[in-house]
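[1] test case, fold it:
(one chain, ligands or ions: 1)
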Amino acid sequence: MKSSVRVRFAPSPTGYLHIGGLRTALYNYLFARNQGGVFVLRIEDTDQNRYVEGAEEDIIRSLEWCGIEIDEGPQKPGSFGPYRQSERGELYKKYTAELIEKGAAYYAFDTTEELDEMRERLQKSGNPSPKYDAITRQSMKNSLTLSQDEVTRRLEAGEEYVVRLKVPRRETIRFEDLIRGHVAFESKGLDDQVLLKSDGMPTYHLANVVDDHHMQISHVIRGEEWLSSTPKHVLLYQAFGWDIPQMAHLPLIMSPSGGKLSKRKAESEGIPINTRDYMENHYEPKALINFLAYLGWSPGDDSEIHSLQKLATLFTLDRVSKGGAVFNHKKLLWYNEHYLREQSDALLADRLKSITKDDHLHKLDKDFLENAIGLVKERISKLDEILSVGGFFFRDPDNYDEQALKKWTDQSAGLVTIYMDEISGIHENEFKAARLKTALEHTVEAEGIGFGKLMMPVRIAVTGLGFGPDLFSSMELLGKETVLRRMRYALEKLGS
Ligand code: GLU
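    Residues are numbered from 1 along each chain as shown. I've put the predicted structure just below:
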């Protein structure tokens, strides 16, 4: 039997897709796939003031990068389109009229000045958060206080108006949330929400409810920040006489230093906030997905590594946590390392070439490049780090890491010279890691010094760095000529 599960990811194109949004999309997608349902992308672009050019493309490109496939959306219309709210204006007008007809909404003609005046008046009389509500509406200019004739006259004269939801004065609004359980809100804390703005555009609340109903959305899975909007939505569903979709509000994503992970916080803690930042900084999409899946959910055992397909088979809403999920960047890098190491050296070589214009690297011998990648792969967290950590494979160091140089002592040049003499005698074809290591052990022993006393200066001379992949294997790969050239250069530069 065909599943009746239909979920939607409904971003507003007000900026680039941030990781919180990506996680919401992911959970919707996983739920849809788990249930054999449909994953819809709906663009909620009714707020023209906040519209950002290119945001929709960014959202689609980001989802694609992560492997999240859209079943229905602006680029892939199904039978519930259009999928951009800006193209569904007539529908919202029709339903606004229906709400007014039913007495669940009303016209309000108040000017900005009149609204300010009302708020000021109420604040002065001790109300810290004045609202346009069941009490205040009685002294304002709306279709509940003005005569029918006056309302008609104003509408015909083309006066500006908004349409507001008539929130009941004292009512407890209840709904079930699949993650939070039973939720209740008191209507007296709610504003008579504007549903249709003076520019004729609907607000989020009206458009969201009308569309979720019309697109036959079975489950609304979204961030916790929308929980407080839900009672207004419940009132709208009730007014229309429509079934309420199942609700599931996802826990907030928290910053490691506490509090919600805002853009500002993320920036100050070195956490990329937009999906495109992860793309541009060469993160592995599989790692980001695996990490985000666990940011507020777990399969209930200690398994951690799963592909998108596998996650879909495991995902259930009852395993989503209520409490905020802390964004642990180290854990993300751990996932990234895992997915990097899983890839063949040949594939990484191709990918590396695609991210750098360095001509030198493009001309390198294929086997040499792949072997170099094989050596550095274990030491890096991100693809682009091959270029820094393994940079010495691609060109002679022309300066030396300052930190490393602290280990270059007065004795170093002398010791490196002795070792150089030792390995100069090795035939090119015998220039192998084991042989180079024995030679070093030999020198160390003869000089009666610790291993590191020689190893570190050799590493500095050959790589320019104080850390890196196995030194002897690296020397073998670089070859005798290069190694000796670099040693001579280091002796010249760092003093012999
Ligand atoms: N347009 C809202 C957003 O930007 C959608 C919230 C919802 O899913 O209802 O997140």
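[2] return the host helix or strand of residue 237 as CSV; C-alpha atoms alone will do.
    Of the helices and strands defined by DSSP states H and E, residue 237 is found in helix 230-240. Taking Å, rounded to 0.1, in the frame of the first residue of the first chain, the C-alpha atoms of helix 230-240 are listed here in CSV:
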residue,chain,number,x,y,z
THR,A,230,1.8,26.1,16.8
PRO,A,231,-1.2,27.3,19.0
LYS,A,232,-2.0,29.9,16.3
HIS,A,233,-1.8,27.2,13.7
VAL,A,234,-4.1,24.9,15.8
LEU,A,235,-6.7,27.8,15.9
LEU,A,236,-6.5,28.1,12.2
TYR,A,237,-6.9,24.4,11.5
GLN,A,238,-9.9,24.4,13.9
ALA,A,239,-11.4,27.4,12.2
PHE,A,240,-11.1,25.8,8.8
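[3] what about the helix or strand following it and the ligand, touching?
    Downstream of helix 230-240, the first helix or strand assigned by DSSP H and E is strand 246-250. No. Strand 246-250 is not in contact with the ligand by CB under 6 Å from any ligand atom; minimum separation 9.7 Å. No exception for glycine: its C-beta is placed from N, CA and C like everyone else's.
[4] now strand 246-250 - C-alpha only, CSV.
    Output of strand 246-250 as CSV, limited to C-alpha atoms (Å, rounded to 0.1, in the frame of the first residue of the first chain):
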residue,chain,number,x,y,z
GLN,A,246,1.1,15.4,13.4
MET,A,247,3.6,17.8,15.0
ALA,A,248,7.2,17.2,15.9
HIS,A,249,9.4,20.0,17.2
LEU,A,250,13.1,19.3,17.0
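[5] so what touches the following helix or strand past that strand?
    Counting by DSSP H and E, the next helix or strand C-terminal to strand 246-250 is strand 253-254. Contacts with strand 253-254, where a contact means CB atoms under 8 Å, 6 or more residues apart in numbering, come from 19, 20, 23, 260, 261, 295, 296, 324, 325, 326, 327.
[6] what subset of those residues is buried?
    Among the contacts of strand 253-254, those scoring as buried are 19, 20, 23, 261, 295, 296, 324, 325, 326, 327 (criterion: 16 or more other CB atoms under 10 Å).
[7] contacts only, for the third one.
    I take that to be residue 23. 250, 253, 292, 295, 296.
[8] how much space separates the last one from residue 416?
    Which is residue 296. Distance from residue 296 to residue 416, counting by CB to CB, to the nearest Å: 54 Å.
[9] which other helices and strands does the helix or strand bottoming out on mean pLDDT in the chain contact?
    Lowest by mean pLDDT, DSSP states H and E among the helices and strands of the chain is helix 359-363, with a mean of 89. On a contact count with 3 or more CB pairs under 8 Å, 6 or more residues apart in numbering; DSSP states H and E, helix 359-363 meets helix 345-355.
[10] how about the helix it packs on as PDB, C-alpha atoms only?
    Extracted in PDB, the C-alpha atoms of helix 345-355 (Å, rounded to 0.1, in the frame of the first residue of the first chain):
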ATOM      1  CA  ASP A 345      44.200   7.400  -2.700                       C
ATOM      2  CA  ALA A 346      43.400   7.600  -6.400                       C
ATOM      3  CA  LEU A 347      40.000   9.200  -5.700                       C
ATOM      4  CA  LEU A 348      41.500  11.600  -3.200                       C
ATOM      5  CA  ALA A 349      44.200  12.500  -5.800                       C
ATOM      6  CA  ASP A 350      41.500  13.400  -8.300                       C
ATOM      7  CA  ARG A 351      39.600  15.400  -5.700                       C
ATOM      8  CA  LEU A 352      42.700  17.200  -4.600                       C
ATOM      9  CA  LYS A 353      43.400  18.200  -8.200                       C
ATOM     10  CA  SER A 354      39.900  19.600  -8.500                       C
ATOM     11  CA  ILE A 355      40.400  21.900  -5.500                       C
END
